[in-house]
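1. sequence and predicted structure below; questions after.
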2 protein chains.
Amino acid sequence: MSDIDILVSEVGPRDGLQSIKSIMPTEAKKAWIKAEADAGVPEIEVGSFVPPKLLPQLADTAEIVQYARTLPGLAVAALVPNFKGAENAVKAGAHKITLPLSVSETHSQANLKKTHEQVYDEVRKVVELLNTLPEDERPDFEGGLSTAFGCTLEGKVPESKVVECAVKMMELGCDEVGLSDTTGYANPAQLRRLIKLIRAEVGDDKLQGVHLHNTRGLGLANTIAALEEGITTVDASLGGLGGCPFAPGASGNIVTEDLVFMLDAMGLKTGIDLDKLLKVRDIVIAALPGEEMYGFTPDAGLPKGYGSGGEKGWGIAA
Amino acid sequence: MSDIDILVSEVGPRDGLQSIKSIMPTEAKKAWIKAEADAGVPEIEVGSFVPPKLLPQLADTAEIVQYARTLPGLAVAALVPNFKGAENAVKAGAHKITLPLSVSETHSQANLKKTHEQVYDEVRKVVELLNTLPEDERPDFEGGLSTAFGCTLEGKVPESKVVECAVKMMELGCDEVGLSDTTGYANPAQLRRLIKLIRAEVGDDKLQGVHLHNTRGLGLANTIAALEEGITTVDASLGGLGGCPFAPGASGNIVTEDLVFMLDAMGLKTGIDLDKLLKVRDIVIAALPGEEMYGFTPDAGLPKGYGSGGEKGWGIAA
């Protein structure tokens, strides 16, 4: 990853699709993922290993993981709610798995039907499984700290609790933790403070990624705050598709198109071809008729003369 | 202003209304302005002293300025395209006047029908007029640097040119300059760089305000970058109404509701009551049937438990 500054991780095929009623056909998912990989997106969270009864939209996740693995250079990520999901993700060959822990225990019980202790037991079993694998088959294992900035059920979530959960996930054997604003409650000051607090306990290199929502329009402002703290991985969803089906009123990941435009304009290398990325939108729109797509850059288009003459980082040079 | 950290300047009645076809009735404008003042908004740009033929939406600006002056504690701002506009603004009693200079001369000619030299001549005459006034009747005079981050006609605008224009406006006798992303081209890195460059030439206290658009979704991210550079005045438009009628494709000020939520959540004092502000939206919607209103916070609502128990800066305390 040394040739990019910021890793944009596309989560639309997971977080986007799990929150809408339409079921995207498997072939459309493949076309979407391939088109984003072709545009240079380095990592895609392609699905979630949950029971198909709960989320029929993601029932084909194993097949999608297997397909995505054939795309050269793409890091294939998947969400796993528990040990069984992790087992299936390993079987399918995911390069990275994320097991979310809702810092709000009320949300944890609503979302994963588990107390914190029960989630920790799953994490222990996942680590045991991963430790049996040869190094080159072992996926990266991230502990996702969801509802880290507040909960639609509990309200405020104490920052000390977020730090405690981060430390615990690392102690149990996660490779890293990630910060998730599941509910769209985060603000830039909170982002900076919480990143500092967690990194002070687990180490800078163990918290590299944030998952932000744009529920109150602050998604990219929060991203800037995270970048200023040295965060290098940012999740986003094409067209802002998605949200959290178990957190009522919380919808809308930050929009990949707007995020990549912002980073690109700032002169930060993402490895992504912005023109190609903007065209991927058509695939999703065609496959999900009637679903709302967000994003300003796709409507406004790129600035006049942007990147012309082989000049990248249009906004940068004086 | 010592009791607030950031001055949010509402520009909807000017920038918002000038860019839509509907004409808001004078009484509705007064109700809007009064409701925002009652919500604690400290400054409102209430109109523009342009010929009514050009912008019939703002033909009642003199009456609106006179009315707004009766609202206790409100700073009443107005745009003036030229000397004649400034004369009328002074007569009406505006507390602050802003004369925009398009750094892109092509845009200047399209927008104000004037070359830079012709705009500078107007500025000279305005300063002469202001110098004849007693101190307590003299409005603050801002030189607005529009298209500072790029132009829909010229494309890239050299940063050296922006600095040159800022220096010139101060030399001619403006009290301060303001940076305007008229076209929604700005990115956070560019904001920080340009603020630094201009302040190095004119002094930190002579560049305190930014006027940002959300055309590509970066409005609040750019705001965060500006705040980090010490900017203390931020323009916004209720419901994101507005844009620039002479810059095709460039629409949408940053949304006052989302901006105030962000600042408030960060623990920055604005003097604005967020609940009251969110209710003002109804007045504008009722007076402008069919016009598009933007903003995420109004749809999503405030976070659960936000500000409850007399606790402000919800996101701040650990």
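-> Yes, it's here.
2. ok, now which ones touch the residue of the stretch 1-150 of chain A found nearest chain B?
-> Residue nearest to chain B within the stretch 1-150 of chain A: A:G150 (5.3 Å; C-beta to the nearest C-beta). Where you see a C-beta, it was placed from the backbone N, CA and C, and this is true even at glycine. Residues counted as contacts of A:G150 (C-beta atoms under 8 Å, 6 or more residues apart in numbering or on different chains) are A:K156, A:V157, A:T183, A:Y185, A:A186, B:P303, B:K304, B:G305, B:W314, B:G315.
3. which residues of the stretch 201-318 of chain A lie near chain B?
-> Contact residues (C-beta under 8 Å from any C-beta of the partner chain) of the stretch 201-318 of chain A with chain B: A:214-218, A:220-221, A:223-225, A:228, A:249-250, A:252, A:255, A:258, A:261-262, A:265-267, A:295-297, A:300-301, A:303-306, A:308, A:314-316, A:318.
4. give me the phi and psi for A:D258.
-> phi -70, psi -40 (degrees, to the nearest 10).
5. just the helices in the stretch 151-300 of chain A please.
-> In the stretch 151-300 of chain A, the segments counted as helices under DSSP state H, counting those that start in this stretch are A:159-172, A:188-202, A:219-228, A:256-265, A:274-287, A:297-300.
6. likewise the stretch 1-150 of chain A?
-> A:17-18, A:26-38, A:61-68, A:83-92, A:105-111, A:116-131.
7. could I get the buried residue list for stretch A:123-130?
-> A:V123, A:V126, A:V127, A:L130 (16 or more other C-beta atoms under 10 Å in any protein chain shown).
8. of the residues you listed, closest to B:L58?
-> A:V123 (61.3 Å; C-beta to C-beta).
9. that closest one against A:L172, yeah?
-> Yes: using C-beta atoms under 8 Å, A:V123 is in contact with A:L172, at 4.6 Å.
10. just the buried residues of stretch A:37-52, please?
-> By neighbour count on 16+ other C-beta under 10 Å, the buried set for stretch A:37-52 is A:37-50.
11. no no, stretch A:93-106
-> Quick answer for stretch A:93-106 (16+ other C-beta under 10 Å): A:A94, A:H95, A:K96, A:I97, A:T98, A:L99, A:P100, A:L101, A:S102, A:V103, A:S104, A:E105.
12. tell me which two in the residues you listed are the farthest apart.
-> Top of the distance list for the buried residues of stretch A:93-106 (C-beta to C-beta): A:H95 and A:E105, 30.3 Å.
13. tell me which residue lies nearest the centroid of chain A.
-> Most central in chain A under C-alpha atoms, centre = their mean is A:D235, positioned 3.8 Å from the mean C-alpha point.
14. can I get the buried residues of stretch A:37-52 in TSV including pLDDT?
-> Converted to TSV, the buried residues of stretch A:37-52 look like this (pLDDT from 0 to 100):
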residue	pLDDT
A:A37	98
A:D38	98
A:A39	98
A:G40	98
A:V41	98
A:P42	98
A:E43	98
A:I44	98
A:E45	98
A:V46	98
A:G47	98
A:S48	98
A:F49	98
A:V50	95
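15. reformat the residues you listed as a markdown table; add distance to A:I198.
-> What follows is these, written out as a markdown table (distance: C-beta to C-beta, whole Å):
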| residue | distance to A:I198 |
| --- | --- |
| A:A37 | 31 |
| A:D38 | 35 |
| A:A39 | 32 |
| A:G40 | 30 |
| A:V41 | 26 |
| A:P42 | 24 |
| A:E43 | 21 |
| A:I44 | 25 |
| A:E45 | 21 |
| A:V46 | 27 |
| A:G47 | 27 |
| A:S48 | 24 |
| A:F49 | 26 |
| A:V50 | 27 |
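16. per-residue pLDDT of the closest residue to chain B within the stretch 201-318 of chain A, please?
-> Residue nearest to chain B within the stretch 201-318 of chain A: A:G305 (2.8 Å; C-beta to the nearest C-beta). Note on A:G305: pLDDT of 91.
17. again, but for the one 4 residues further on
-> Per-residue confidence at A:G309 stands at 39 (pLDDT).
18. and what of A:T183?
-> For A:T183, the pLDDT comes out at 89.
19. for it, give its distance to A:K196.
-> 21 Å (C-beta to C-beta, to the nearest Å).
20. name the nearest of the buried residues of stretch A:93-106 relative to B:Q66.
-> Closest to B:Q66, out of all of the buried residues of stretch A:93-106 and judged by C-beta to C-beta, is A:S104, at 52.4 Å.
21. identify the residue spatially nearest to that closest one, adjacent ones excluded.
-> Among residues not flanking A:S104 along the chain, A:C151 sits closest, at 3.6 Å (C-beta to C-beta, 6 or more residues apart in numbering or on different chains).
22. returning to what we had before: okay, and the common contacts of A:V123 and A:L172?
-> A:G143.
23. on that earlier part again, surely the residue of the stretch 201-318 of chain A closest to chain B forms part of a helix?
-> No: read with DSSP: H, G, I helix; E, B strand; the rest coil, A:G305 is coil and lies in no helix.
24. which ones are touching the closest residue to it other than its chain neighbours?
-> Nearest residue to A:G305, sequence neighbours excluded (C-beta to C-beta, 6+ apart): B:G155, at 2.8 Å. By C-beta under 8 Å, 6+ apart, the contact set of B:G155 is A:P303, A:K304, A:G305, A:Y306, A:S308.
25. contact partners for the first one?
-> Read it as A:P303. Residues counted as contacts of A:P303 (C-beta under 8 Å, 6+ apart) are A:W314, B:G150, B:T152, B:G155, B:T183, B:Y185.
26. on the pLDDT front, check the first one for me.
-> Taken from the predicted model, the pLDDT recorded for A:W314 is 42.
27. cool, and the second one?
-> In the predicted model, B:G150 carries a pLDDT score of 95.
28. what about it, distance to B:N111?
-> With the distance defined as C-beta to C-beta, B:G150 ends up 15 Å from B:N111.
29. again with the third one
-> Here the criterion is C-beta to C-beta. By it, B:T152 lies 11 Å from B:N111.
30. which one's more surrounded, those two?
-> B:T152 (24 against 20; other C-beta atoms under 10 Å in any protein chain shown).
31. the more buried one contacts A:K304, correct?
-> Yes: counting by C-beta under 8 Å, B:T152 touches A:K304, with 5.6 Å between them.
32. number of residues surrounding the residue of the stretch 201-318 of chain A closest to chain B?
-> Count around A:G305 with other C-beta under 10 Å applied: 16.
33. does it really touch B:T152, like I thought?
-> No: contact criterion C-beta under 8 Å: A:G305 and B:T152 do not qualify, at 9.9 Å.
34. quickly list what the residue of the stretch 151-300 of chain A found nearest chain B is bridged to.
-> Ranked by C-beta to the nearest C-beta, the top residue of the stretch 151-300 of chain A for proximity to chain B is A:G155, at 2.9 Å. With DSSP bridges as the criterion, A:G155 is bridged to A:C151.
35. ok, now how distant is it from B:L153?
-> Using C-beta to C-beta, A:G155 is found at 49 Å from B:L153.
36. next: A:K125.
-> 62 Å.
37. near chain B at all, stretch A:17-30?
-> No: judged by C-beta under 8 Å from any C-beta, stretch A:17-30 stays clear of chain B, getting no closer than 14.5 Å.
38. show me where the stretch 1-150 of chain A dips below the pLDDT cut-off.
-> Counting by pLDDT under 70, the stretch 1-150 of chain A contains low-confidence residues at A:1-2.
39. quick one, what contacts A:D60?
-> With the criterion set at C-beta under 8 Å, 6+ apart, A:D60 makes contact with A:T26, A:K29, A:G47.
40. need phi/psi at it.
-> phi -100, psi 20.
41. and it, how close does it get to A:T98?
-> A:D60 is 19 Å from A:T98, by C-beta to C-beta.
42. got it, and A:N111?
-> Taking C-beta to C-beta, one finds A:N111 at 14 Å from A:T98.
43. same check, this time on A:V41
-> 17 Å.
44. my guess is A:D264 meets A:L274, correct?
-> Yes: A:D264 is within contact range of A:L274, at 5.5 Å (criterion: C-beta under 8 Å).
45. good, wrapping up.
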